[in-house]
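Participant: Build me a model:
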Amino acid sequence: MIEKVKLDNILFLDIETVPEFENFSLLDEEQQYLFDKKTIFARKDEFSASEFYERAGIWAEFGKIICISVGYFVTKADVRNFRVTSFYGDEVKILKDFCNLLNTHFSQPHHLLCGHNSKEFDFPFLARRIIINQLQMPAKLNLFGKKPWEIPHLDTLELWKFGDYKHFTSLRLLTKVLKIPSPKDDIDGSEVAHVYYVEKDIDRIITYCEKDVIAVAQVILRLRNEDLLIEEEISVI
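Facilitator: Numbering: from 1, shown residues only. Below you'll find the model as predicted:
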């Protein structure tokens with residue numbers, strides 16, 4: 001039961017990804033061929049591989065992480081605080097700093113990672129990029145040999161499904177129906193690559209990513225039938 005999980009033991013997270021290169025022409029010949037083969041069914045006959053490359057950020061083999069935002073509760077004497085921070089810049093440094101956080105502060109058996117649609121996207125994307133960049137996999141992302149009930153991950157999409165595995169609900173829709181202030185008041189995921197490569201506005205992306213982390217924490221509070229966070233309880237560090 002989600003109500004039995006101690007909030008302070010959960011690391012909430014969200015990642016933002018973009019194509020590894022700004023445009024398709026920067027891929028070498030073999031990469032272009034492999035991207036064409038990877039996306040042939042998704043593209044159908046509507047787009048060329050070059051035209052479809054703007055969506056490459058959804059695949060860890062052709063994308064990269066440009067921001068990881070995390071949030072965690074700190075509760076002292078019944079005073080609740082939610083702290084948010086972000087890792088951004090060079091992908092290797094992002095991943096090293098994130099892995100260091102996991103290994104240093106969220107490595108114990110009672111610690112959990114939580115995101116929205118994170119079991120399908122964030123967690124596997126993180127693990128694949130860690131391997132691609134030849135870094136050491138933190139235990140919280142290494143699922144090899146683990147039974148389903150041993151996996152230390154929470155997913156607000158999965159929790160909202162209530163066993164209905166064909167059902168998908170976006171974070172924006174979920175916050176709307178649960179009467180949670182929407183995090184989507186600026187950009188959405190489809191615009192991140194443009195903001196990153198064309199506008200070169202990483203601060204805008206960081207803000208967007210941090211708002212998603214806060215929204216995921218708010219969903220967990222709703223599912224536990226607890227009061228939502230108010231602005232005074234949230235600290236960006």
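Participant: My guess is K140 contacts H111. True?
Facilitator: Yes: contact criterion C-beta atoms under 8 Å: K140 and H111 qualify, at 7.0 Å. (Each C-beta comes from the backbone N, C-alpha and C, glycine too.)
Participant: any common contacting residues for those two?
Facilitator: Contact criterion C-beta atoms under 8 Å, 6 or more residues apart in numbering; residues shared by K140 and H111: P152.
Participant: And the strand ranked longest in the chain, what's buried?
Facilitator: The longest strand of the chain (DSSP state E) is strand 63-76. Within strand 63-76, the residues that count as buried by 16 or more other C-beta atoms under 10 Å are 63-73.
Participant: which sections of this structure are below the confidence cut-off?
Facilitator: 183-185 (pLDDT under 70).
Participant: partner strands of the one helix or strand V18 maps to, parallel or antiparallel?
Facilitator: Using DSSP states H and E, V18 falls within strand 10-19. Strand 10-19 has the following sheet partners, assigned by DSSP bridges: strand 63-76 (antiparallel), strand 112-115 (parallel).
Participant: buried residues in that strand?
Facilitator: 10-19.
Participant: same thing with stretch 40-60?
Facilitator: Neighbour counts over stretch 40-60 (16+ other C-beta under 10 Å) mark 49, 52-57, 59-60 as buried.
Participant: got the end-to-end distance for it?
Facilitator: One end of stretch 40-60 to the other measures 17 Å (C-alpha to C-alpha, to the nearest Å).
Participant: Tell me which helix or strand comes right after the top helix by length along the chain.
Facilitator: Across the chain, the longest stretch assigned as helix under DSSP state H is helix 202-223. Next helix or strand after helix 202-223 toward the C-terminus (DSSP H and E): strand 234-236.
Participant: Describe which strands that following strand pairs with in its sheet and in which direction.
Facilitator: Here strand 234-236 is paired, per DSSP bridges, with strand 79-88 (parallel).
Participant: report the angle between the axes of the helix or strand following the strand it pairs with and strand 63-76?
Facilitator: Following strand 79-88 in sequence order, the next helix or strand is helix 91-105 (DSSP H and E). If you take axes from the mean of the first three to the mean of the last three C-alpha atoms, to 10 degrees, helix 91-105 sits at 30 degrees to strand 63-76.
Participant: re earlier: okay, K140 and H111: which has more neighbours?
Facilitator: More crowded of K140 and H111, by other C-beta atoms under 10 Å: K140, with 22 against 18.
Participant: I'd like to know how many residues surround the residue lying closest to that one once chain neighbours are set aside.
Facilitator: Distance criterion C-beta to C-beta, 6 or more residues apart in numbering; nearest residue to K140, sequence neighbours excluded, is L102 at 5.2 Å. Counted with other C-beta under 10 Å, the neighbours of L102 add up to 19.
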